[in-house]
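A.B. asks: This is a predicted model, with the sequence first.
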Amino acid sequence: MNKIRTSRLGNAIVEWIDHPTAVPLTILALAVFYLATLVKGQNWSGDGSLYILHAQNLVEGRHYLDTGYLLNPVSMFVSPYGYPPVFPLLLAPVYAFFGLDLEAFKWVGVLSFCFSLWLVAKIFETRLERRFVFFLVLTVGLTPYLWDVTNVINADFTFMVFCYLSLFLMLHFLAGDQGRLQASGRQIAASVLIGLSMYLAYGTREIGVVLPLTLLTYDIVCRRRISLLSIAALGIFVIFAWLQSIWFSASFIPEYFEENLKHLTDKPSSPAEMNHLKFVDLDPRNILDRAFGYRWALQRFWPSSSSAFINTLNELLFNLFSLLAVGGYILALIRRITVVEIFLAGYIAVLLLFGAPPTVRYLTPIFPFFLYYGFLLCQEKIFPRVPRLKYLVAGGGFLLLAIISLPVMTTVKYPQLEYGITHPGATAMFRFIREETRKDDTIVFIKPRIMALMTGRSSATWPSKRYSSPEAMNHFFEAVHADYYVDMNLSLWMRPLTNSERPSNCFRSVFKNEYFVIYRYRNRFCQELE
């Protein structure tokens with residue numbers, strides 16, 4: 001009797017998983033869970049601050065690039081002068097309704113993530129059975145790293161939405177029955193949708209340029225011709241990308257800023273530079289190093305545990321699944337090449353050529369594809385021969401995920417957020433800048449974009465160590481017309497500032513707490529000492 005009940009229960013669960021509503025309901029449940037478990041606070045990464053500054057400008061009618069962030073040519077690279085506009089466009093309504101509410105901005109990331117899950121499920125349904133799509137969505141949704149990212153304001157999940165939308169539209173209009181597109185009206189609509197979605201991905205993150213290259217490659221390799229639909233879509237993409245480049249040609253960095261710093265650097269800055277072409281690195285040894293680096297970065301998606309046994313098991317499973325994913329990708333190429341295979345190859349190629357350090361963040365958009373190809377090989381080659389193995393793998397995988405991931409996502413503490421820009425010590429420092437300085441003052445700080453957001457003052461990062469002697473610091477402050485220098489101890493997250501020395505005799509302390517010291521710069525301080 002118990003066996004019969006267990007069998008019925010198992011069949012009922014399988015039937016529900018195979019139901020068309022299973023994936024949407026799972027995504028809805030994940031959305032509720034993510035929103036309910038968001039951690040308050042914001043870390044010291046300045047990317048989110050610059051996105052919010054752009055959104056503020058869109059709402060308040062200022063030029064998009066007029067953020068107060070001054071790109072410093074004699075410092076370490078902080079970020080481009082501005083970021084692409086699509087993510088700030090999504091943040092703008094939040095700012096319009098809630099103001100500078102850092103927690104409200106996180107909702108954009110959560111909702112984008114959940115919508116991207118639905119789109120990627122629609123893409124994978126073309127080859128995967130619904131039950132495999134269900135477990136793929138559940139696995140991605142219960143990955144602690146991705147839940148962690150929703151606590152940070154960045155454009156990664158918004159990029160995933162428009163990237164997956166582009167691939168979905170390409171699959172729908174290019175790989176299906178071409179008879180549906182005979183009508184000129186449908187061709188125009190398809191071209192507009194594909195071209196616009198490709199730009200929206202590119203307008204979120206520049207690596208979206210892989211999408212038009214994917215479309216072009218698919219036509220050449222798989223269809224042996226470039227269709228009018230693709231030409232029109234590519235044309236729409238190029239027009240929007242060109243308009244964006246014109247918009248970003250402006251600069252609000254004072255003319256004297258770069259001119260006065262020429263004596264401190266041999267390489268003039270490019271304040272409005274938006275692309276990352278200068279990071280391209282074609283050295284074969286470096287490419288190989290990045291390939292190994294990304295292999296280890298990919299393993300970070302596999303949840304870790306305090307148990308050495310579970311971590312060892314996890315590593316074995318990761319290596320095994322990596323082999324399955326490679327086999328599944330080869331199988332997909334043999335069966336029928338689609339835009340999905342071309343996109344994945346192009347995206348990985350760009351990462352390997354991009355000279356930035358290999359980090360897990362860059363792999364976020366393709367992590368679902370890693371799972372997809374592993375599941376595809378299991379579905380096509382392994383489970384048909386051992387049918388009952390699928391239930392053992394599914395049950396064991398879900399149990400392992402639940403045991404490791406759920407405790408992490410519900411109880412873990414994040415000092416990076418707790419000791420971030422909303423910490424009482426930081427808010428006191430920002431309050432002093434807002435209330436005790438003039439609006440046209442310039443602040444030198446290691447996190448200039450955060451300073452510009454939280455105080456409304458222009459801010460530049462401090463000079464590199466090469467220019468950190470007392471005389472050089474004085475020259476730097478005179479050159480950029482800077483008024484204040486803020487010192488802090490930033491190591492992974494904010495730590496108490498046990499020792500702080502003024503850069504030169506021209507600086508005088510005007511504010512101090514456990515974490516920050518603010519120095520006022522005045523040439524007359526030096527003269528008084530003389």
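C.D. replies: Thanks, I have it.
A.B. asks: next SSE after the strand or helix carrying residue 324?
C.D. replies: Using DSSP states H and E, residue 324 sits within helix 308-335. Helices and strands here follow DSSP H and E; after helix 308-335, the next one along the chain is helix 339-353.
A.B. asks: Pull out the buried positions in that next one.
C.D. replies: Within helix 339-353, the residues that count as buried by 16 or more other CB atoms under 10 Å are 339-348, 350-352. Any C-beta I mention is one placed from the backbone N, CA and C, and that applies to glycine too.
A.B. asks: can you list those residues in CSV and add distance to residue 89 and pLDDT?
C.D. replies: Output for these, formatted as CSV (distance: CB to CB, whole Å; pLDDT from 0 to 100):
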residue, distance to residue 89, pLDDT
339, 26, 94
340, 27, 95
341, 31, 95
342, 28, 95
343, 24, 96
344, 28, 95
345, 30, 94
346, 26, 94
347, 24, 95
348, 29, 93
350, 24, 91
351, 26, 90
352, 31, 89
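A.B. asks: Among those, which one sits closest to residue 137?
C.D. replies: Residue 137 lies nearest to residue 340 out of those, by CB to CB, at 16.5 Å.
A.B. asks: That closest one against residue 368, yeah?
C.D. replies: No - using CB atoms under 8 Å, residue 340 is not in contact with residue 368, being 10.7 Å away.
A.B. asks: and residue 497, what does it touch?
C.D. replies: 487, 488, 489, 514, 515, 516, 517 (CB atoms under 8 Å, 6 or more residues apart in numbering).
A.B. asks: measure it to residue 360 for me?
C.D. replies: From residue 497 over to residue 360 the distance is 30 Å, taken as CB to CB, to the nearest Å.
A.B. asks: and the contacts of residue 497, which two are the farthest apart?
C.D. replies: Across those (CB to CB), the longest gap, 12.5 Å, separates 487 and 514.
A.B. asks: which one of the two has more residues nearby?
C.D. replies: Counted by other CB atoms under 10 Å, residue 487 and residue 514 do not tie: residue 487 has more neighbours, with 22 against 12.
A.B. asks: Could you verify that that one is part of a strand?
C.D. replies: Yes - according to DSSP: H, G, I helix; E, B strand; the rest coil, residue 487 belongs to a strand.
A.B. asks: what bridges to it?
C.D. replies: residue 517 (DSSP bridges).
A.B. asks: Contact partners for it?
C.D. replies: Neighbours of residue 487 in contact, by CB under 8 Å, 6+ apart: 497, 500, 516, 517, 518, 519.
A.B. asks: And the helix or strand containing residue 27, what's buried?
C.D. replies: Under the criterion of DSSP H and E, residue 27 resides in helix 22-36. Buried residues in helix 22-36, counted by 16+ other CB under 10 Å: 22, 23, 26, 27, 30, 31, 33, 34.
A.B. asks: Same list, these, but as JSON lines with distance to residue 197 and pLDDT please.
C.D. replies: Listed next are the buried residues of helix 22-36 as JSON lines, based on distance: CB to CB, whole Å; pLDDT from 0 to 100:
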{"residue": "22", "distance to residue 197": "26", "pLDDT": "85"}
{"residue": "23", "distance to residue 197": "21", "pLDDT": "90"}
{"residue": "26", "distance to residue 197": "25", "pLDDT": "91"}
{"residue": "27", "distance to residue 197": "20", "pLDDT": "94"}
{"residue": "30", "distance to residue 197": "24", "pLDDT": "93"}
{"residue": "31", "distance to residue 197": "22", "pLDDT": "94"}
{"residue": "33", "distance to residue 197": "28", "pLDDT": "90"}
{"residue": "34", "distance to residue 197": "24", "pLDDT": "91"}
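A.B. asks: Dump the residues you listed to TSV, plus distance to residue 53.
C.D. replies: Formatted as TSV, those follow (distance: CB to CB, whole Å):
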residue	distance to residue 53
22	41
23	37
26	36
27	31
30	30
31	28
33	31
34	26
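A.B. asks: Tell me the spacing between residue 89 and residue 260.
C.D. replies: Applying CB to CB to residue 89 and residue 260 gives a distance of 35 Å.
A.B. asks: for residue 214, same thing?
C.D. replies: 45 Å.
A.B. asks: ok, these two, which is more surrounded?
C.D. replies: More crowded of residue 214 and residue 260, by other CB under 10 Å: residue 214, with 24 against 16.
A.B. asks: Would you mind confirming that that one makes contact with residue 341?
C.D. replies: No - counting by CB under 8 Å, residue 214 stays clear of residue 341, with 9.5 Å between them.
A.B. asks: Poorly predicted segments of the stretch 1-150 of the chain, please.
C.D. replies: For the stretch 1-150 of the chain, the stretches flagged by pLDDT under 70 are 1-16, 76-77.
A.B. asks: how about the helices of it, start to end?
C.D. replies: Here the stretch 1-150 of the chain has its helices, by DSSP state H, counting those that start in this stretch, at 2-18, 22-36, 47-60, 86-98, 102-124, 130-141, 144-149.
A.B. asks: Which elements pack onto the longest one?
C.D. replies: Looking back up the chat, that one is helix 102-124. On a contact count with 3 or more CB pairs under 8 Å, 6 or more residues apart in numbering; DSSP states H and E, helix 102-124 meets helix 22-36, helix 86-98, helix 130-141, helix 156-174, helix 367-377.
A.B. asks: Can I get it in PDB, CA atoms only?
C.D. replies: Provided in PDB are the C-alpha atoms of helix 102-124 (Å, rounded to 0.1, in the frame of the first residue of the first chain):
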ATOM      1  CA  LEU A 102      18.800  52.200  -2.400                       C
ATOM      2  CA  GLU A 103      16.600  49.300  -1.400                       C
ATOM      3  CA  ALA A 104      13.900  50.100  -4.000                       C
ATOM      4  CA  PHE A 105      16.500  50.100  -6.800                       C
ATOM      5  CA  LYS A 106      17.300  46.400  -5.900                       C
ATOM      6  CA  TRP A 107      13.700  45.500  -7.000                       C
ATOM      7  CA  VAL A 108      14.700  46.300 -10.600                       C
ATOM      8  CA  GLY A 109      17.500  43.600 -10.400                       C
ATOM      9  CA  VAL A 110      15.200  41.000  -8.800                       C
ATOM     10  CA  LEU A 111      12.400  41.500 -11.400                       C
ATOM     11  CA  SER A 112      14.900  41.500 -14.200                       C
ATOM     12  CA  PHE A 113      16.400  38.300 -13.000                       C
ATOM     13  CA  CYS A 114      13.100  36.500 -12.800                       C
ATOM     14  CA  PHE A 115      12.000  37.800 -16.300                       C
ATOM     15  CA  SER A 116      15.300  36.600 -17.700                       C
ATOM     16  CA  LEU A 117      14.600  33.100 -16.200                       C
ATOM     17  CA  TRP A 118      11.300  33.000 -18.000                       C
ATOM     18  CA  LEU A 119      12.900  34.000 -21.300                       C
ATOM     19  CA  VAL A 120      15.800  31.500 -21.000                       C
ATOM     20  CA  ALA A 121      13.200  28.800 -20.200                       C
ATOM     21  CA  LYS A 122      11.300  29.700 -23.500                       C
ATOM     22  CA  ILE A 123      14.600  29.400 -25.400                       C
ATOM     23  CA  PHE A 124      15.500  26.000 -23.900                       C
END
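A.B. asks: For that helix, buried residues please.
C.D. replies: Within helix 102-124, the residues scored as buried using 16+ other CB under 10 Å are 102, 105-124.
A.B. asks: Just give the closest residue to residue 53, not the sequence neighbours.
C.D. replies: residue 67 (4.0 Å; CB to CB, 6 or more residues apart in numbering).
A.B. asks: Ok, residue 328 next?
C.D. replies: Residue 328 sits nearest to residue 373 (CB to CB, 6+ apart), 3.3 Å away.
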